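Participant: missing the sequence, but the structure's below:
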Ligand code: NDP
């Protein structure tokens, strides 16, 4: 298939590129600048054979941002829309909300109007679009929705990221309902995504948000106290990349949301793995490791992702070990 992947410079997108190329798809990725595009091409040998190329889309929040990128010859068969800001360093909440919501609506409109060859769109949503901190259900599944509003996302910075993801995903499903385009949609909802990056970040500061915990650990940031786990669910980036690609390839994925998690974890388990496998970090970790996982914790149902996408989730130890090894080898 010929596939457009948005945000190729991103942590998750970089693994989607790798998985797509390994499965012989031809890929074009959007990036914010030619400089970023050239770096990506250099990271994948397949680009020299023409299997990977890039197109510049400077800001997905802008109207008609994707109108040119979506037109290709031969035309695209499928789109993976992963680009969306995931950080907490924003000044104005709209820095998160606008690219997430406008970017999602914008790409769907552009596909409908300008790329009739596209048959499947896969959007990277998040557990942030599922979790409901004001009233956890007994078990989270694809039926669960975060009810946060746009106004709450503007007023409460603690809710902004969750609002960006929940409202973007809702907008996508509403678009499908109202516009009835000629393509089908699948969404992928991961919690914390860990694992070794493909693109080497220039500095610790440039590391993606979810892996920043590991850099903190290696630099002694966990010494006094473990960081709060937040939501006690995780998944490896290699499984998430496969989830996107399978959601694009598998006919039965059409019209479905996928809650893609390997299961529960807490920072104590991460610290224990680090202690066991990297004894050189013993002096970076507190001597008494305590869990912040509540005894009565919500459950999670990932059965749809196993049944339809065929996912078999990597264990936490592999993810932690491979991530730390990556950071060590690049001195991040
Ligand atoms: P990254 O920060 O590594 O990637 C984000 C990508 O989005 C980058 O390519 C970035 O471009 C691009 N982007 C952000 N804002 C804009 C904009 N205004 N215009 C154009 N491009 C933009 O994050 P992840 O790979 O971790 O996240 C990717 C997706 O996965 C996001 O949708 C995120 O919400 C979701 N997700 C991530 C989780 C995680 O734990 N990592 C968990 C659940 C969901 P640039 O590099 O140029 O800034």
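Facilitator: Cool, the structure landed. These figures come from a predicted structure and were not determined experimentally. Numbering: from 1, shown residues only.
Participant: ok, residue 245 touching residue 18?
Facilitator: No. Contact status for residue 245 versus residue 18: not in contact, 9.8 Å apart, counting by CB atoms under 8 Å. To be clear about C-beta, it is placed using only N, CA and C from the backbone, and glycine gets the same treatment.
Participant: looking at these two, which is more packed in?
Facilitator: Between residue 245 and residue 18, counted using other CB atoms under 10 Å, the more crowded position is residue 245 (25 against 20).
Participant: next secondary structure after whichever strand or helix holds the more buried one?
Facilitator: Per DSSP states H and E: residue 245 is located in helix 237-249. Later in the chain than helix 237-249, the nearest helix or strand by DSSP H and E is strand 256-259.
Participant: do that next one and the ligand meet?
Facilitator: No. Strand 256-259 stays out of contact with the ligand when judged by CB under 6 Å from any ligand atom, the minimum separation being 11.3 Å.
Participant: picking up where we left off before, list of residues touching the helix holding residue 245?
Facilitator: Helix 237-249 is touched from outside by 1, 3, 11-12, 15-16, 18-20, 23, 25, 78, 80, 82, 120, 122, 124, 186, 188, 190, 193-197, 253, 256, 258, 260, 262, 305, 308-311, 313-314, 319, with contacts defined as CB atoms under 8 Å, 6 or more residues apart in numbering.
Participant: swap the cut-off to 7 Å and go again
Facilitator: 3, 11-12, 15-16, 18-20, 23, 78, 80, 120, 122, 186, 188, 190, 193-195, 253, 258, 260, 262, 305, 309-311, 313-314 (CB atoms under 7 Å, 6 or more residues apart in numbering).
Participant: can it be said to contact the ligand?
Facilitator: No. Helix 237-249 stays clear of the ligand (CB under 6 Å from any ligand atom), getting no nearer than 7.5 Å.
Participant: can you give me the mean pLDDT across that helix?
Facilitator: The pLDDT scores in helix 237-249 average 98.
Participant: cool, and stretch 13-22?
Facilitator: 98.
Participant: please identify the buried residues of that stretch?
Facilitator: Neighbour counts over stretch 13-22 (16 or more other CB atoms under 10 Å) mark 13, 14, 15, 16, 17, 18, 19, 20, 21 as buried.
Participant: same question, stretch 258-278
Facilitator: 258-262, 264-274, 278.
Participant: just want the phi and psi numbers for the closest residue to the ligand within the chain.
Facilitator: For the chain and the ligand, the shortest gap (CB to the nearest ligand atom) falls at residue 10, measuring 2.6 Å. Main-chain dihedrals, residue 10, degrees, to the nearest 10: phi -80, psi 160.
Participant: any idea which helix or strand comes after the longest helix seen in the chain?
Facilitator: As assigned by DSSP state H, the longest helix anywhere in the chain is helix 157-179. Sequence order places strand 184-189 as the next helix or strand after helix 157-179, per DSSP H and E.
Participant: and the nearest residue to residue 218 once chain neighbours are set aside, how many neighbours?
Facilitator: Among residues not flanking residue 218 along the chain, residue 327 sits closest, at 5.9 Å (CB to CB, 6 or more residues apart in numbering). By other CB under 10 Å, 21 other residues sit near residue 327.
Participant: residues in contact with residue 327?
Facilitator: By CB under 7 Å, 6+ apart, the neighbours of residue 327 are 214, 215, 218.
Participant: residue 256 too?
Facilitator: Applying CB under 7 Å, 6+ apart to residue 256 gives the contacts 186, 304, 308.
Participant: if you set the cut-off to 8 Å instead, what comes out?
Facilitator: By CB under 8 Å, 6+ apart, the neighbours of residue 256 are 142, 186, 187, 247, 304, 308.
Participant: with residue 69 instead?
Facilitator: 4, 28, 30, 55, 57, 110.
Participant: where does residue 215 land on pLDDT?
Facilitator: pLDDT, residue 215: 92.
Participant: and residue 101, how many neighbours?
Facilitator: Around residue 101 there are 25 residues (other CB under 10 Å).
Participant: on the three-state scheme, it is what?
Facilitator: helix (DSSP: H, G, I helix; E, B strand; the rest coil).
Participant: check whether stretch 197-207 comes near the ligand.
Facilitator: No. Stretch 197-207 is not in contact with the ligand by CB under 6 Å from any ligand atom; minimum separation 8.1 Å.
Participant: what is the end-to-end distance of that stretch?
Facilitator: End-to-end distance of stretch 197-207 (CA to CA, to the nearest Å): 9 Å.
Participant: pull out the buried residues from it.
Facilitator: 197, 198, 199, 201, 207.
Participant: in a strand, that's where the first one is, yeah?
Facilitator: No. Counting by three-state DSSP, residue 197 falls outside a strand, being coil.
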